[in-house]
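Novice: Here is my input, please return the structure:
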Amino acid sequence: MTDLSLDRILAAAKVIDPVFLNSPQYVDEQLCAALGRRVLTKVELLNPLRSFKGRGAEYFVSEVAEGIGTIVCSSTGGNFGQAVAYAARRRGLRAEVFVPRGTSPVKLARMRAFGAVPHEVDGSPLALAEAYAAQAPDRVYVLDGRDPAVAEGAGTIGMELLRGNTFDTLVVPMGDGALISGVAAWVKAHAPEVRVIGVAAAAAPALARSWAADEVLTVELASAFAAGIAISRPTEQAVARTRALVDDVVLVSEEELRQAMRLAARTLGVLPEPAGAVGLAAIAKGIPGETVATVLTGGNADLADYAGLSTGN
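Specialist: As a prediction, the model looks like this:
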């Protein structure tokens with residue numbers, strides 16, 4: 001259905017650092033009661049990166065050609081930059097990450113802790129990163145949402161979800177498209193009856209609108225609260241993949257995200273970042289499905305993003 005390969009998703013599971021694989025997935029009775037249906041939740045917060053991004057970065061970097069010394073990427077939300085830094089350092093490579101000026105100090109510090117050199121820039125981090133990579137032959141540029149290996153690495157989540165589990169609906173965050181494309185490619189091939197629902201922040205609907213229009217659209221961000229899925233323009237590849245694999249798209253508000261973060265903390269005992277909670281927010285919104293699977297994708301928010309959650313403000 002797409003340019004993604006099921007064989008390569010299988011191969012990815014053999015080279016990704018095991019610390020990112022087989023993350024917890026379970027049905028929590030309190031969460032099910034709160035949402036009024038059976039919910040299978042996969043928790044991707046409990047690894048060194050506190051997000052799922054390590055899977056795709058690991059697979060991409062594992063295939064880098066001999067002679068490459070530096071991996072270059074852009075990272076508007078910060079999690080992909082951390083993942084590239086981790087994967088590069090594990091293989092003795094250098095990582096340089098281009099981020100928007102004003103990026104969270106927490107995420108910048110974590111990038112540096114994993115050995116990356118972050119570049120805070122004005123203008124487009126994507127364009128500047130690509131130009132920087134082209135300046136030297138030992139640099140390679142990886143773009144989240146474009147490069148198949150990133151989506152195929154994320155597709156290992158789909159493999160794990162289907163092991164011993166059945167569900168009729170799969171709800172996945174929809175940022176740059178790598179996660180939902182990889183997971184849906186595996187699930188649609190092995191359980192074609194499953195309905196795949198993408199979830200985007202209402203304040204950052206670029207891929208959602210592009211999916212609906214079947215063309216790449218630029219949509220300026222109204223807010224970066226859900227930074228992990230806040231993009232203004234998807235890649236052509238992401239639009240093509242999601243058009244082939246995603247059945248419907250839901251938008252969630254910032255207040256719905258805060259409620260979902262509170263719900264995860266109260267029932268599951270974990271605290272996702274706003275982007276990591278969009279699946280729960282969509283389920284709470286009332287999407288159809290008797291048994292629903294979703295992924296908590298990240299937990300790298302600044303403390304300010306959690307302010308007021310305990311009081312419901």
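
Novice: Helices of the stretch 51-200 of the chain, residue ranges please.
Specialist: Ranges of helices within the stretch 51-200 of the chain are 54-62, 79-90, 105-113, 125-133, 148-154, 156-161, 178-190, based on DSSP state H, counting those that start in this stretch.

Novice: Distance to residue 208, mean neighbour count and mean pLDDT added to these, as CSV?
Specialist: (Glycine included, C-beta is placed from N, CA and C.) Putting these into CSV (distance: least, C-beta to C-beta, whole Å; neighbours: other C-beta atoms under 10 Å; pLDDT from 0 to 100) gives the following:
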stretch, distance to residue 208, mean neighbour count, mean pLDDT
helix 54-62, 21, 28, 98
helix 79-90, 19, 28, 96
helix 105-113, 24, 17, 90
helix 125-133, 19, 18, 97
helix 148-154, 18, 30, 98
helix 156-161, 20, 24, 98
helix 178-190, 11, 26, 98
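
Novice: Turn the ones you listed into JSON lines, columns for distance to residue 22.
Specialist: JSON lines is the format used below for those (distance: least, C-beta to C-beta, whole Å):
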{"stretch": "helix 54-62", "distance to residue 22": "11"}
{"stretch": "helix 79-90", "distance to residue 22": "18"}
{"stretch": "helix 105-113", "distance to residue 22": "23"}
{"stretch": "helix 125-133", "distance to residue 22": "32"}
{"stretch": "helix 148-154", "distance to residue 22": "14"}
{"stretch": "helix 156-161", "distance to residue 22": "6"}
{"stretch": "helix 178-190", "distance to residue 22": "15"}
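
Novice: Out of those helices, which gets nearest to residue 141?
Specialist: Residue 141 lies closest, by C-beta to C-beta, to one member of the helices of the stretch 51-200 of the chain: helix 125-133, at 3.6 Å.

Novice: which outside residues touch that closest one?
Specialist: Contact with helix 125-133 is made by 70, 72-76, 96-100, 119, 121, 139-141, 143, as judged by C-beta atoms under 8 Å, 6 or more residues apart in numbering.

Novice: ok so, going back, identify whichever of the helices of the stretch 51-200 of the chain lies nearest to residue 41.
Specialist: Proximity to residue 41 (C-beta to C-beta) singles out helix 156-161 among these, at 10.2 Å.

Novice: For that closest one, name the packing helices and strands.
Specialist: With contacts taken as 3 or more C-beta pairs under 8 Å, 6 or more residues apart in numbering; DSSP states H and E, helix 156-161 sits against helix 6-15, strand 38-43, helix 178-190, strand 291-296.

Novice: closest one to residue 247 among the ones you listed?
Specialist: helix 178-190 (9.0 Å).

Novice: got a list of contacts for the closest one?
Specialist: Outside helix 178-190, the residues within contact range by C-beta under 8 Å, 6+ apart are 1-2, 4, 6, 9, 52, 56, 144-145, 150-159, 161-162, 170, 172-174, 194, 196, 198, 238, 241-242, 245-246, 295, 297.

Novice: Next one: the closest residue to residue 150 other than its chain neighbours from residue 263, what distance?
Specialist: Closest residue to residue 150 apart from its sequence neighbours, by C-beta to C-beta, 6 or more residues apart in numbering: residue 56 at 3.6 Å. Residue 56 sits at a distance of 27 Å from residue 263 (criterion: C-beta to C-beta, to the nearest Å).
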